[in-house]
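**Q** When you get a sec, could you give me coordinates for this:
(one chain, ligands or ions: 1)
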Amino acid sequence: MNNLRKELSKLSNLTHMNIEEAQKLVPAIKSQYVSEALFDPDAKDIDVSTLHHYYINQLRACGGKILLSQRVKKIEQIGTHYEVVCDTVRIFCNKIVNAAGAWADEIGQLAGCKKLGLKPLRRTAFSFEPDNWDYKDWPVVIDCEEEFYIKPETGSIIGSPADETEDIPRDVYAEEIDIAIGMDRITAALDFKVKSIQSSWAGLRTFTPDRNPVVGFDKKHKNFFWLAGQGGYGIQTAPYLGKLSSDLILGNTYSQTTEDSELITALSPNRFNK
Ligand SMILES: Cc1cc2nc3c(=O)[nH]c(=O)nc-3n(C[C@H](O)[C@H](O)[C@H](O)COP(=O)(O)OP(=O)(O)OC[C@H]3O[C@@H](n4cnc5c(N)ncnc54)[C@H](O)[C@@H]3O)c2cc1C
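**A** Below is the predicted model:
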């Protein structure tokens, strides 16, 4: 155990904890379920809604427009330009950024690109309020095999079975069975008394074949930019991937570090279409 502590302290501030130490942070942890734990004191949360609204406001402030309910139905290449045909509008442009999430392969195909093999995997989440604990200062708790996680919020706890069910690009909803599996796993590890589920939802997390995001211009279609496959980390990585994408699209190389250059190669769509 001492060696493990030493190795971990080299990597980060991760702290190895025994069951008593872990229970001081999260008293609901059942002694029979957990033997040891890792605590990351540097973990931070992102206010997703605020971040999202900040980006929307920035886009509008720069003269950008968001067209809602305009499904892209056709993409035609006309000389060096594209014509993007939506439900009721047509857009002419010289570059396309494909950030269509689970639908990114479909949009790529409309533009004549080869599929990258993106897979949408369904993930379920739900909120509940346990009667028997004051959880407001607890950290996020993740099972070491990622069988579940819980995240305390104001007024409720968000839980998930951390499911990755293969799906197709579509609007998904939480299946009763996935909620039941999630609650079963959570209550096996944590002593919660839960009367009911407050709300539930599901969404698609999209993965490339190597589970790393894809960021860069298509190999054959030089003005078609892929920004997809963020898997579970789309919101946390959005500030960096957004900056990297805008540098690549605008041809700005001045702000790129050596680490950026290595990442550019690692994230390029060319790794799938050799
Ligand atoms: C339950 C759950 C929990 C998650 N938790 C986290 C988390 O804690 N942290 C985190 O960082 N990430 C999390 N994620 C992942 C995160 O939500 C995604 O990585 C992120 O939303 C991907 O963003 P995106 O813009 O690439 O795709 P999306 O958000 O899927 O956006 C794609 C958009 O393209 C549009 N579109 C598709 N086809 C067309 C078309 N033909 N015409 C016009 N528009 C089209 C869609 O309508 C959609 O609005 C979670 C996901 C789920 C499901």
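**Q** Wait, a strand at Thr124?
**A** Yes - under DSSP: H, G, I helix; E, B strand; the rest coil, Thr124 sits within a strand.
**Q** Check it and give its pLDDT.
**A** You'll see Thr124 listed with a pLDDT of 98.
**Q** And for the one 10 residues further on?
**A** According to the predicted model, the pLDDT of Asp134 comes to 92.
**Q** any idea how far the residue of the chain most remote from its centre lies from Met17?
**A** Centroid-distance maximum for the chain: Gly79 at 35.8 Å, with C-alpha atoms, centre = their mean. Here Gly79 is placed at a distance of 62 Å from Met17 (C-beta to C-beta, to the nearest Å). From N, CA and C alone the C-beta is placed, and that goes for glycine too.
**Q** Likewise for Ala100?
**A** From Ala100 over to Met17 (counting by C-beta to C-beta), the distance is 42 Å.
**Q** For stretch 153-170, which residues meet the burial criterion?
**A** Residues of stretch 153-170 classed as buried: 156-163, 167, 169 (neighbour count, 16 or more other C-beta atoms under 10 Å).
**Q** Nearest to the ligand among the residues you listed?
**A** Ser160 (6.3 Å; C-beta to the nearest ligand atom).
**Q** residues in contact with that closest one?
**A** Applying C-beta atoms under 8 Å, 6 or more residues apart in numbering to Ser160 gives the contacts 123-126, 148-149, 182.
**Q** one more time with 6 Å, if that's ok
**A** 125, 149, 182 (C-beta atoms under 6 Å, 6 or more residues apart in numbering).
**Q** does the nearest residue to Ala266 once chain neighbours are set aside sit in a helix, a strand or a coil?
**A** The shortest distance from Ala266 to any non-neighbouring residue, by C-beta to C-beta, 6 or more residues apart in numbering, is to Asn212 (6.8 Å). Counting by three-state DSSP, the backbone at Asn212 sits in coil.
**Q** I'd like to know how many residues surround the residue nearest to His81 when sequence neighbours are not counted.
**A** What sits nearest to His81 in space, not counting adjacent residues and going by C-beta to C-beta, 6+ apart, is Asn94, at 5.3 Å. Using other C-beta atoms under 10 Å, Asn94 is surrounded by 9 other residues.
**Q** Please report the distance of Asn94 from Thr80.
**A** Taken as C-beta to C-beta, the span from Asn94 to Thr80 is 6 Å.
**Q** got any ranges where this structure has weak pLDDT?
**A** 1-11 (pLDDT under 70).
**Q** quick one, domains of it?
**A** 48-118+210-271, 119-207 (automatic domain parsing).
**Q** and these as JSON lines, adding distance to Phe39?
**A** Shown next, in JSON lines, are those (distance: least, C-beta to C-beta, whole Å):
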{"stretch": "domain 48-118+210-271", "distance to Phe39": "19"}
{"stretch": "domain 119-207", "distance to Phe39": "7"}
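**Q** nearest to Lys30, of those domains?
**A** Between Lys30 and those, the tightest spacing by C-beta to C-beta is seen for domain 119-207, at 5.6 Å.
**Q** That closest one: end-to-end distance?
**A** Taking C-alpha to C-alpha, to the nearest Å as the measure, domain 119-207 stretches 5 Å from start to finish.
**Q** Could you do stretch 85-95 as well?
**A** Where stretch 85-95 begins and where it ends lie 14 Å apart, using C-alpha to C-alpha.
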